[in-house]
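Q: Predicted coordinates and the sequence they were generated for:
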Amino acid sequence: MADASKTEKGTPHRHEKAKKEGQIARSRDLPGAIGLLASIAVLAWGSGGAVAQWRHLLQQLLDQSAGTGPAFEVGLAQFRATFLLALGWSAIVAAAAWVCATATAFQGGFVFAAPALLKFDRLQPANNLKNMFSASALSRTAKSVVPAAVMAYLTYGVLANSWTTLVRSSSMSVPQALSWTASMSVGLAWRGGFVLLAWSGVDYILQRRSHEQSLKMTKQEVKDDSKETQGNPETRGRIKRIQRQMARRRMMQEVPTATVVVTNPTHYAVALKYDPATMAAPVVVAKGRDLTAQRIRALAVRHAVPIVENRPVARALHAHVEVGAPIPGKLYQAVAEILAFLRSSQRATR
């Protein structure tokens, strides 16, 4: 029964921890369904060649049986030829099924969970016997009845539709009977494979939902997880405040080197630095509002940095340009007018 207090989704750290322990959403039926479909596909693709090879082998066996020679050597040769042909086709089918099933077995990615492998209590017969009759085992057994019932229904439908042909199959020639039987068997196999594939998709959705439900956390667990991965919120806040103070201190150290400070005049202040020999455009070296703006103006006055009042330009620079960035092209003309006014004022005072 789900814990009612666990109302929060599992955090990424909780998911990663569960994955390291081997807990991932995975359908156990999907590799089997894919492997079965791969086997059927290989058999259907190579049925023509297989029939020809088996017919040729049967002809050889009949010729060897009718010939002369020691019975033991003839029987051994017949056994060897039959075994090699059966082994060849079995190996092809098994390889196709193994490759496809293995590829779909890594549904949650390749996971090597050593802690899950070292659980020795799984080797205890008493625990295994208890797990066989647990609620989860009974649930898996009940769920396996669904695809079995669907396949039984499809088989019944195929046999019902082919009942007349089945009854008259005794009057068919051997090749016709074999061809009809093979065709019906392959059709049933395809239907069964697709039923298993569809059910494995449903099973994966159910497993994923159950997995997400098992990883849910209480609000306190989410807070503890956040502290474990990112540190205490109070510590993070203190670090951010220190970082902002250091950035503001560095910014204030650049004010004495500014070319001009553009003000609002009281709410905003932006310090610009421009050296035509080394800069393509003026750069914002400091900006602020209210108390910070007052400190920028005070530093500018103390270090004889010119202050120009221009409300729209000050607001635009504060809103759209970060500290250390050059001004955008749309503000070139306005800033150029301020710099030109500053030069003319400086020439007039000389």
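A: Looks like it came in fine.

Q: For residue 7, the count of nearby residues, please.
A: Residue 7 is surrounded by 11 other residues when neighbours are defined as other CB atoms under 10 Å. For glycine as for every other residue, the C-beta is placed from the backbone atoms N, C-alpha and C.

Q: Need the pLDDT of it.
A: Model confidence at residue 7, expressed as pLDDT, equals 70.

Q: contacting residues around it?
A: Contact analysis of residue 7 by CB atoms under 8 Å, 6 or more residues apart in numbering lists 216, 218-219.

Q: Is it possible to get TSV of these that adds neighbour count?
A: Formatted as TSV, the contacts of residue 7 follow (neighbours: other CB atoms under 10 Å):
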residue	neighbour count
216	17
218	14
219	11
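
Q: Could you list which of those residues belong to helices?
A: residue 219 (DSSP state H).

Q: how about the contacts of residue 7 in JSON lines, adding distance to residue 323 and pLDDT?
A: Formatted as JSON lines, the contacts of residue 7 follow (distance: CB to CB, whole Å; pLDDT from 0 to 100):
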{"residue": "216", "distance to residue 323": "43", "pLDDT": "79"}
{"residue": "218", "distance to residue 323": "42", "pLDDT": "77"}
{"residue": "219", "distance to residue 323": "38", "pLDDT": "75"}
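
Q: what about the residue lying closest to residue 30 once chain neighbours are set aside, how many neighbours?
A: Excluding the flanking residues, the one nearest residue 30 by CB to CB, 6 or more residues apart in numbering is residue 200, at 3.9 Å. Neighbour count of residue 200, defined by other CB under 10 Å: 22.

Q: for residue 265, same thing?
A: Counted with other CB under 10 Å, the neighbours of residue 265 add up to 15.

Q: does it really touch residue 309, like I thought?
A: Yes - contact criterion CB atoms under 8 Å: residue 265 and residue 309 qualify, at 4.6 Å.

Q: Give me the common contacts of those two.
A: With CB under 8 Å, 6+ apart, residue 265 and residue 309 have no common neighbours.

Q: What segments of the stretch 51-200 of the chain are helices?
A: In the stretch 51-200 of the chain, the helices defined using DSSP state H, counting those that start in this stretch lie at 71-105, 114-117, 125-132, 135-161, 163-167, 174-214.

Q: Redo those as a markdown table? Include distance to residue 336.
A: Listed next are these as a markdown table, based on distance: least, CB to CB, whole Å:
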| stretch | distance to residue 336 |
| --- | --- |
| helix 71-105 | 64 |
| helix 114-117 | 67 |
| helix 125-132 | 80 |
| helix 135-161 | 75 |
| helix 163-167 | 94 |
| helix 174-214 | 59 |
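
Q: looking at these, which is closest to residue 27?
A: Proximity to residue 27, assessed across the helices of the stretch 51-200 of the chain by CB to CB, is greatest for helix 174-214 (3.8 Å).

Q: thinking again about what came up before, any idea how far the residue nearest to residue 30 is from residue 82?
A: For residue 200, the distance to residue 82 equals 36 Å [CB to CB, to the nearest Å].

Q: picking up where we left off before, of all the helices of the stretch 51-200 of the chain, which one comes closest to residue 324?
A: Taking the helices of the stretch 51-200 of the chain one by one with CB to CB, helix 174-214 is closest: 44.1 Å.
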